[in-house]
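Q: Take this sequence and fold it.
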Amino acid sequence: MPNDFILHRLDNQTLIEVANKLPRSGILIRDGDYAFLKISEDYIEKLFPLLEGHEKLYKPLYPAHISLIYPEEECYVSDSDVGSLHSFELLDLYTTQLFGKHGWLMTVSAPSLEQLRKKYNLPKKLCYKGHRIVFHITIAQDML
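A: Below is the predicted model:
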């Protein structure tokens, strides 16, 4: 049985206000057996500098996105779903620790992504290395 991803809420009203002005939709991309929603790079470029202590953090090595299906979930997104547009709502800013790294992320609500996971007989939360993961946008991490 997977463990839940443990999140610790952060208070950063300025970051939330800036985030709420950014576009809240993206295009579904498939890269092999990994599927994600490609979103505006502004989620990293505009929010990263607003994190407390960002000078000691790193931007993610990958483009701004919301994961939909991890390779270990062994599910392949069909061609008919690739390229589809999906909207999401921002929830809150959190930090978490997983596998020796801290991450700073925005959680999101994405009903159409939940429906896609249901269509592929997957649970509501993603499964990554034995952990249940909520939909989120990674803004920073403390190690590469």
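Q: what ranges do the strands span in the protein?
A: 3-4, 7-9, 25-31, 34-38, 65-69, 85-87, 89-98, 101-109, 126-128, 131-133, 136-141 (DSSP state E).
Q: Next, the angle from the longest one to strand 101-109.
A: Spelled out, it's strand 89-98. 160 degrees (axes from the mean of the first three to the mean of the last three C-alpha atoms, to 10 degrees).
Q: again, but for the last one
A: Here strand 136-141 runs at 150 degrees with respect to strand 101-109, directions being taken by the same axes, to 10 degrees.
Q: List of residues touching strand 136-141?
A: Applying C-beta atoms under 8 Å, 6 or more residues apart in numbering, the contact partners of strand 136-141 are 39, 43-44, 47-48, 51, 54, 57-60, 64-67, 94, 101-108. Yep, even glycine has a C-beta here, placed from its N, CA and C like the rest.
Q: Poorly predicted segments of this protein, please.
A: Low-confidence segments of the chain, defined by pLDDT under 70, are located at 1-3, 144.
Q: The same query, at a cut-off of 80, please.
A: The chain contains residues with pLDDT under 80 at 1-5, 98-100, 143-144.
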